[in-house]
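build me a model:
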Amino acid sequence: MKIKHAEDEKRFVLMTDDNDEAGELGYKIGNDGLIYATYTRVDKMYEGMGHARLLLEAFVEWLRANDKKVYPTCPYVAAVFEKSPQDYSDIVSEKYCETKYPEDDC
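Sure thing, here's the model as predicted:
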């Protein structure tokens, strides 16, 4: 499996060794300049093998390399970020923190 960034389609694509699509993580670029992680999908036959995490890691690497901030609207991405906030605090938008944790500092 490999990950391809289809930047013109605003998605990271999980590709099989036969070059077939097996999953994806999609995003949008908001008018506010934030990147919105909108969905993650992995084909049923590849579920439970850590492939969604591979997509997320490629996405996070791209965010960091491009000094971008993300607002996770995708339930999977939000759950991973909330489970280990210290690992993603540099890329999570203040807007998300204020919405999700109005009483806390992110």
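
under the pLDDT cut-off, which ranges of the chain? List them.
Along the chain, segments meeting pLDDT under 70 span 97-106.

could you pull out the buried residues of whichever strand or helix holds Arg53?
Element membership of Arg53, judged by DSSP states H and E, is helix 51-65. Buried residues in helix 51-65, counted by 16 or more other C-beta atoms under 10 Å: 51-52, 54-56, 58-60, 62-63. Just so you know, the C-beta spots here come from the backbone N, C-alpha and C atoms, and that holds for glycine as well.

determine how far the last residue of stretch 25-34 lies from the first.
From its first residue to its last, stretch 25-34 covers 16 Å (C-alpha to C-alpha, to the nearest Å).

who are the packing partners of the host helix or strand of Asp87?
Taking DSSP H and E as the criterion, Asp87 maps to helix 85-88. Of the remaining helices and strands, none touches helix 85-88 by 3 or more C-beta pairs under 8 Å, 6 or more residues apart in numbering; DSSP states H and E.

what's in contact with that helix?
Residues outside helix 85-88 that contact it (C-beta atoms under 8 Å, 6 or more residues apart in numbering): 60, 80-81, 92, 106.

at 7 Å what do you get?
Applying C-beta atoms under 7 Å, 6 or more residues apart in numbering, the contact partners of helix 85-88 are 60, 81.
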